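>>> build the 3D model from these lines:
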Amino acid sequence: MTPYELVAYSAIVIAVCTALSMPSGLAPILLMQLGLVDSGLWILARNHSITVAIPVIYATATVSLAVGLRLANRVYARSMDPTPGGPIKTIPNRVVWLVVLVASGLSLFHLFAIGLPVFSPSVEVTRFDFTSSGLFGVPGRMYLFGTTIALVVATASADATCQPWRKCTVYRFALLAEVVTSVLSGFKGSLLHLAITLILIQAVLGRSRPRIVTILKRYLPLGIIAIAYFLYVATTYTSYSAHGESLLTQLVDRLTVQGARPAANVMTNAFYWPYHNTIVHDFYYYIHEYLGLGTGIDFSAPRAVSSGILSIDPTSRLKTPPVAMGGIAELKFNWGSAAAICLMFVLGLALGYAEAQRPRSVVRRSLLAIVVLSGYDFITHGDLAYYVLNWAMVSVMIALIGIAAWFIPTPSERPAMVNRSDKVRLAKSLR
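Numbering: from 1, shown residues only. Next up is the predicted model:
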């Protein structure tokens, strides 16, 4: 074993052991995921694809983020008033139901419209089709973000009205919808991603934060099912079956080296980018694209990174799969290593504060959970502009659905029906 491999495997072991002993939340989840990326960067450094400075910078930024998260959690937890803050301001049950039904219905419509990716003969291509369902891309966005937001709203409502959450019918339905869409999505890691989402929602909205190791023990059978699904779907990918190596070897490579390659290319400027700041550029690009104004620009930053890995022209019409360059890499590319480390610490403080708050309102609790989930997406995937715009747009859509539900009267609010005999008696009494 070379020194680089020793450092790489040590990074994974340290990150996992530290995360398992921590209360559930962003810090342990990100430590494990970013630890895998950093181990991949160390292996790339061993192969002389990048310099040793890159994994060192990445590890430093990861630690900086974790410190910020834990510091905010501890400081805010100590400053919280232990006395009860009064009842939680809830929202009507019909509002929650309409949000869940519309979001899950549009998500299922999208999946059926593109042909149920998990059963598609070309699952690796179909799973990335987010626009063919039409309706201005609304079903695709509900599939990507809407069902998760609906689950957040249902969880916040359940926490305020019934304990435990599983007693609340709308929560069970929202969770079932999220499970079904995850299974049908065709993404091998969809159930594992759902598990992470549930852990983060529990951290923000729950009344306790069990340690990660406790969660793993409690839900071990479900974890085995998620891993089995991961392995089953992976066997349907032609990119795996075409290789002569074992499936396990390929999966380890994907989780480490291949997972780290986009970050390595961005941190070393090893891709074609004729513009300046990727974040500012992509805000302009996506806003014009979504409004149908025409961008006047050939490609976004993720497209450029993906094209660089595949050695194709980013201005061509060839399709490229999305890549996860990560928030650390994007910040370093735009503002340098020192700024990236400092900004990750500040981001950790902000997300840790959002994670620790306990407002007395279902709406505010839901918004905090959405902030935490969107922050997680940026840190693990990068592409800040895309995630800010899409989380914000879908949240507004969900809010509009909820506002519409306020105008749907319940049976107790509808005018009482008066039968004919009552009308006759009323007329005689008025003579």
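>>> would you map out the domains in this protein?
3-79, 93-272+352-406 (automatic domain parsing).
>>> tabulate those domains in a markdown table, adding columns for mean pLDDT, mean neighbour count and distance to residue 286.
Where C-beta positions appear, they are placed from N, C-alpha and C, glycine not excepted. Shown next, in a markdown table, are the domains of the chain (pLDDT from 0 to 100; neighbours: other Cβ atoms under 10 Å; distance: least, Cβ to Cβ, whole Å):
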| stretch | mean pLDDT | mean neighbour count | distance to residue 286 |
| --- | --- | --- | --- |
| domain 3-79 | 83 | 20 | 25 |
| domain 93-272+352-406 | 87 | 19 | 5 |
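>>> nearest to residue 308 among these would be which one?
Of all the domains of the chain, domain 93-272+352-406 sits nearest to residue 308, with 3.3 Å by Cβ to Cβ.
>>> compute the first-to-last residue distance for the closest one.
10 Å (Cα to Cα, to the nearest Å).
>>> do the same with stretch 246-262
23 Å.
>>> and for stretch 351-365?
End residues of stretch 351-365 are separated by 13 Å (Cα to Cα).
>>> can you list contacts of that stretch?
25-27, 68-73, 76-77, 80, 85-91, 153, 156-157, 159-160, 203-205, 368, 371-372, 375 (Cβ atoms under 8 Å, 6 or more residues apart in numbering).
>>> among the domains of the chain, which is nearest residue 316?
Comparing the domains of the chain by Cβ to Cβ, domain 93-272+352-406 comes nearest, at 11.8 Å.
>>> would you turn the domains of the chain into JSON lines with distance to residue 305?
Output for the domains of the chain, formatted as JSON lines (distance: least, Cβ to Cβ, whole Å):
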{"stretch": "domain 3-79", "distance to residue 305": "14"}
{"stretch": "domain 93-272+352-406", "distance to residue 305": "5"}
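>>> closest one to residue 321 among those?
Per Cβ to Cβ, nearest to residue 321 of the domains of the chain: domain 93-272+352-406, 6.1 Å.
>>> show me the strands in the stretch 201-350 of the chain, by range?
Using DSSP state E, counting those that start in this stretch, no strands are found in the stretch 201-350 of the chain.
>>> so where do the helices sit in it?
212-218, 220-235, 238-241, 247-253, 259-267, 278-290, 301-310, 327-335, 337-356 (DSSP state H, counting those that start in this stretch).
>>> I'd like the ones you listed written out as CSV, with distance to residue 20 added.
Output for those, formatted as CSV (distance: least, Cβ to Cβ, whole Å):
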stretch, distance to residue 20
helix 212-218, 4
helix 220-235, 13
helix 238-241, 29
helix 247-253, 20
helix 259-267, 20
helix 278-290, 34
helix 301-310, 32
helix 327-335, 23
helix 337-356, 19
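>>> measure stretch 175-192 end to end?
Start-to-end, stretch 175-192 (Cα to Cα) is 14 Å.
>>> now stretch 236-250
14 Å.
>>> can you check stretch 350-369 too?
Terminal-residue distance, stretch 350-369 (Cα to Cα): 13 Å.
>>> what's the answer for stretch 206-224, then?
Counting by Cα to Cα, the terminal residues of stretch 206-224 are separated by 24 Å.
>>> now what about that stretch, what contacts it?
By Cβ under 8 Å, 6+ apart, stretch 206-224 touches 19-25, 28, 159, 163, 195, 199, 202-203.
>>> among those residues, which lie within helices?
19-20, 28, 159, 195, 199, 202-203 (DSSP state H).
>>> what's the closest of the helices of the stretch 201-350 of the chain to residue 137?
Short answer: helix 278-290, nearest of those by Cβ to Cβ, at 7.9 Å.
>>> what's next to stretch 60-71, contact-wise?
Contacts of stretch 60-71 (Cβ under 8 Å, 6+ apart): 22, 25-27, 30-31, 34-35, 38, 328, 331-332, 340-342, 344-349, 351-352, 355, 379.
>>> tell me the phi and psi of residue 272?
phi -80, psi 120 (degrees, to the nearest 10).
>>> related to what we said a few turns ago, just send the contacts of stretch 206-224 back as a markdown table, with distance to residue 308 too.
As requested, the contacts of stretch 206-224 are exported to a markdown table (distance: Cβ to Cβ, whole Å):
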| residue | distance to residue 308 |
| --- | --- |
| 19 | 31 |
| 20 | 36 |
| 21 | 38 |
| 22 | 36 |
| 23 | 39 |
| 24 | 36 |
| 25 | 34 |
| 28 | 32 |
| 159 | 45 |
| 163 | 51 |
| 195 | 32 |
| 199 | 33 |
| 202 | 38 |
| 203 | 36 |
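>>> and which of those residues is nearest residue 126?
For the contacts of stretch 206-224, the nearest to residue 126 is residue 195 (23.5 Å; Cβ to Cβ).
>>> do you know how far the closest one is from residue 62?
From residue 195 across to residue 62, the span is 21 Å (Cβ to Cβ, to the nearest Å).
>>> same check, this time on residue 175
According to Cβ to Cβ, residue 175 stands 31 Å off from residue 62.
>>> do residue 388 as well
22 Å.
>>> same thing with residue 227?
Counting by Cβ to Cβ, the gap from residue 227 to residue 62 is 25 Å.
>>> next one: residue 177
Taken as Cβ to Cβ, the span from residue 177 to residue 62 is 33 Å.
>>> same check, this time on residue 188
For residue 188, the distance to residue 62 - Cβ to Cβ - is 25 Å.
>>> nearest residue to residue 130 in space, please, no chain neighbours.
Nearest residue to residue 130 in three dimensions, chain neighbours excluded: residue 140, at 3.9 Å (Cβ to Cβ, 6 or more residues apart in numbering).
>>> need the contact partners of stretch 163-182.
93, 96-97, 100, 103-104, 107-108, 111, 143, 147-148, 150-151, 153-155, 157-159, 161-162, 190-191, 193-194, 197, 207.
>>> kindly apply the preceding question to stretch 372-386 instead.
By Cβ under 8 Å, 6+ apart, stretch 372-386 touches 26, 29-30, 33-34, 65, 148, 152, 196-197, 200-201, 203-204, 262, 266, 279, 282-283, 285-286, 300-302, 324-330, 344, 347, 350-351, 354-355, 387-388, 391.
>>> now it, how far from the centre of its chain.
8 Å (Cα atoms, centre = their mean, to the nearest Å).
>>> packing partners for the strand or helix carrying residue 41?
For residue 41, the host element (DSSP states H and E) is helix 26-46. Counting contacts by 3 or more Cβ pairs under 8 Å, 6 or more residues apart in numbering; DSSP states H and E, helix 26-46 packs against helix 3-20, helix 53-79, helix 190-205, helix 259-267, helix 337-356, helix 362-381.
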